[in-house]
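**Q** Just a sequence and a predicted model for now, questions to come.
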Amino acid sequence: MRRKSKQYLISLFLILGGVGGIISGEAFIAGSSLAIMGVIGGLWSYVDSERQSEEVAGQLDTFATLLSRAGLGNPYIEAIKHEIHQKGTCSDLENRLAKAIQANPKDTEALALLAISQTMRLSFMDWQSESNPNRQLHKSIEHVRRIANKGAALAPKKAVFIDALGILADIAGDHVRARKYFRLSSRLRADPYWHLLMATSWSQSGEHDHSLAEMRTAIKEGACGWLVEFYFGRALVNTGDYKQAVYHLERARQTRGINYPEVLRYLGVAYRFLGKSCKAACLDMRLSMMLLPIAARRSRRHLIEGMLNLLTCVISFGTKSIWKCVNQSGYWRNIYLSTLAKWWGPDEPESTLGVRLLQEGKYSGAKEMLKAAVEINPYDQSIWHNYAVALSCLNENDAAKVAYAKCIEINPTTEVASHSRENIDSISKRKLGEKIHLHSVGISKK
């Protein structure tokens, strides 16, 4: 009865406030007074509802504790799982998990959810800091590691705790230990998705061939889905197989249905090294806009990369258009090659990208880029030489000899031609580790 009277009184105050708002234009003092009463009524209603919410929350906490201690389940966990199932996400997850663990400190399901959610948060923080962990991140790693170790002690056969420990080791830079955890996890689970964690760890330590091998094994054992397509595409980008990478990354993008930042990032890299600067620029710009609210430093970097790619696209379009006109005449072609081409040739950016890929040991990608470059500009010795080097590194020796011969044919008296002759002589008897001269970048390539 008392609660009902309070509700009636609050309602009366709110109604009077509304009337005050209406008549304030005609009778300012009366209208303002009634409006103030309405505000008081609203505040009273809010405070009363907050007090009731606190009472209900206290009752729920007690109820959850009693159920957990009786072994009848944890209502917080069930509510979290239901929300994740319905919405794909959960609001205020860590606070609710903390309450679940408070109700039952030995609830391994709550510990598992807390360990993996906080591990993913730290992984994102590490990504934001561009793999340059600060002291606060190290403290957070130790805190989450204690949670994972506690869960592993309570449930030693639960792979999720071992996975969390492995990811934490990767974040801390201890990739050897991380892979030990992932191998242990593989013995506790029947699915092949632990290979994705291994692939990430190999990639973080710069061993991209191992990363690609892990993904091939995962797919062979039945792993599928947009995440598998993304991981496989990422491994292909890191090993220089950009055409295949684009195929798998585009599939991941279509299957996911939304633009996932890391998919856009690796797609941009792949398109750039395929010579498609405009597509790379568009992806970099979009990625920059997506990252602006959450990772400003990365956002700025991708914005700059996008602008540079766009500039490259515009300049390349201009130089290639001029080349199509002047290439019909030997006179104008020679003038162009001796002037404008010294600054930006018609074979750019393909030639520069090919040399860079050669330097990084990504010979398949280098071969594709340099092949495109010699098709555009077959009059440049250095391009033919570098193309031959790429072929030679892939053990395509007959094709390499033909490319070296083309290089020598253009001008037999240059230093580049001399290097080509040496490489032709060494192809049949080359031993592992013997140098092959890579012209125009000031280095020797093994």
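**A** Yep, that arrived.
**Q** Only C-alpha atoms from now on, for both contacts and neighbour counts.
**A** Fine.
**Q** which SSE is Q328 in?
**A** Q328 belongs to no helix or strand when elements are defined using DSSP states H and E.
**Q** Now do the contacts for it.
**A** Listed by C-alpha atoms under 8 Å, 6 or more residues apart in numbering, the contact set of Q328 is empty.
**Q** Next up, phi/psi of it, please.
**A** In terms of degrees, to the nearest 10, the main-chain angles of Q328 are phi -80, psi -20.
**Q** quick one: buried residues of stretch 352-371?
**A** Buried residues in stretch 352-371, counted by 16 or more other C-alpha atoms under 10 Å: 352-359, 361-371.
**Q** ok, now stretch 408-426?
**A** Those would be 408, 412, 416-417, 419-421, 423-424, for stretch 408-426 by 16+ other C-alpha under 10 Å.
**Q** Adding secondary structure, write these out as CSV.
**A** Listed next are the buried residues of stretch 408-426 as CSV, based on DSSP: H, G, I helix; E, B strand; the rest coil:
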residue, secondary structure
I408, helix
P412, coil
V416, helix
A417, helix
H419, helix
S420, helix
R421, helix
N423, helix
I424, helix
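**Q** Check those residues against R96 and report the nearest one.
**A** Comparing these against R96 with C-alpha to C-alpha places N423 closest, at 67.0 Å.
**Q** Roughly how far does the closest one sit from A403?
**A** Separation of N423 from A403 (C-alpha to C-alpha, to the nearest Å): 11 Å.
**Q** and if you look at V160?
**A** To A403, V160 is 54 Å away according to C-alpha to C-alpha.
**Q** same question, L283
**A** According to C-alpha to C-alpha, L283 stands 35 Å off from A403.
**Q** try G268
**A** Taking C-alpha to C-alpha, one finds G268 at 31 Å from A403.
**Q** who has more neighbours, these two?
**A** Taking other C-alpha atoms under 10 Å, G268 and A403 do not tie; G268 has more neighbours (28 against 25).
**Q** wait, the more buried one sits on C278?
**A** No - with contact defined as C-alpha atoms under 8 Å, G268 does not count as touching C278 (9.7 Å).
**Q** how is this structure carved up into domains?
**A** 2-62, 93-190, 357-445 (automatic domain parsing).
**Q** Straight-line length of the longest one, end to end?
**A** When you say that, I think you mean domain 93-190. In domain 93-190, first residue to last residue: 28 Å (C-alpha to C-alpha).
**Q** quick one on the thing from earlier: and the domains of the chain, which one is worst for confidence?
**A** Ranked by mean pLDDT, the domains of the chain end with domain 2-62 at the bottom, a mean of 45.
**Q** which secondary structure elements does the helix or strand containing E94 contact?
**A** Using DSSP H and E, E94 sits within helix 93-103. Judged by 3 or more C-alpha pairs under 8 Å, 6 or more residues apart in numbering; DSSP states H and E, helix 93-103 is in contact with helix 28-69, helix 75-87, helix 108-128.
**Q** That one: which residues count as buried?
**A** Buried, per 16+ other C-alpha under 10 Å, within helix 93-103: 94, 96-101, 103.
**Q** Stretch 157-173 too?
**A** 158-173.
**Q** same question, stretch 107-123
**A** 107-119, 122-123.
**Q** and of those, the nearest to E396?
**A** S123 (42.0 Å).
**Q** wait, that closest one sits on A169?
**A** No - between S123 and A169 there is no contact, the gap being 10.6 Å when judged by C-alpha under 8 Å.
**Q** For the stretch 101-250 of the chain, just list every one of the helices.
**A** 108-128, 135-154, 159-171, 175-186, 194-204, 208-220, 226-239, 242-256 (DSSP state H, counting those that start in this stretch).
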